[in-house]
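Enquirer: this is a predicted model, with the sequence first.
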Amino acid sequence: MKVAIGCDNNGVLLKDTIKEYLQNSQYEIIDYGCHTCEAVDYPDVAFQVAKDISEGVVERGILICGTGLGVAIAACKYPGIRAATCHDVYSAERAMKSNNAQIMTMGAQIIGPELAKKLVEAYLGSSFEQARSGRKVQKIIDKEKELLAAGVYEPEQQTCS
């Protein structure tokens, strides 16, 4: 399985720890940066990971920022992407099993490296439970398609004030 990993400057150390942890596994890791502690806008990394998941370049993603929230919000702006912030093993497992989330996000200022490794293991080791949750996830997909087709949801027109 190809797994994308990316972060902003707040998550560099945790990203590098997770990357090293996964390099001796059955996963092919693609690092989307950032690679230094110099300031980086987390949406740029999140958008690239979301795009590549959407296009089939990678199967799953792990994104890290200070809280895990910003990268989740940014990634979810990309049509078809479901990103879930996880700070405990159960939510990491359920992100995939119940929600078929293609991206797991974590907060480097919230959790430490050992817990992060357990979260990644739980997330990547889980599979979507289609029979149990497929109908619910399909409703989310259908609503997104409906809003996009109706022009109700046009991400490029959203702004912050």
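Expert: Ah, there it is.
Enquirer: figure out the helix or strand that Glu93 lives in.
Expert: Per DSSP states H and E: Glu93 is located in helix 89-97.
Enquirer: nearest the geometric middle of the chain, what residue?
Expert: Ile103 (2.4 Å; CA atoms, centre = their mean).
Enquirer: doesn't Ala83 make contact with that residue?
Expert: Yes. Contact criterion CB atoms under 8 Å: Ile103 and Ala83 qualify, at 3.8 Å. For glycine as for every other residue, the C-beta is placed from the backbone atoms N, C-alpha and C.
Enquirer: which residues do these two both contact?
Expert: Counting by CB atoms under 8 Å, 6 or more residues apart in numbering, the residues touching both Ile103 and Ala83 are 50, 61, 63, 72, 75.
Enquirer: and the next helix or strand past the host helix or strand of the fourth one?
Expert: Think Ala72. Element membership of Ala72 [criterion: DSSP H and E] is helix 69-76. With elements assigned by DSSP H and E, the helix or strand that comes after helix 69-76 is strand 83-85.
Enquirer: elements contacting that next one?
Expert: Packed against strand 83-85 by the contact rule (3 or more CB pairs under 8 Å, 6 or more residues apart in numbering; DSSP states H and E) you find helix 69-76, helix 89-97, strand 103-107.
Enquirer: OK, contacts around the closest residue to Pro113 other than its chain neighbours?
Expert: Once flanking residues are discounted, Pro113 sits nearest to Thr17: 4.5 Å by CB to CB, 6 or more residues apart in numbering. With contact taken as CB under 8 Å, 6+ apart, Thr17 is in contact with 113, 116-117.
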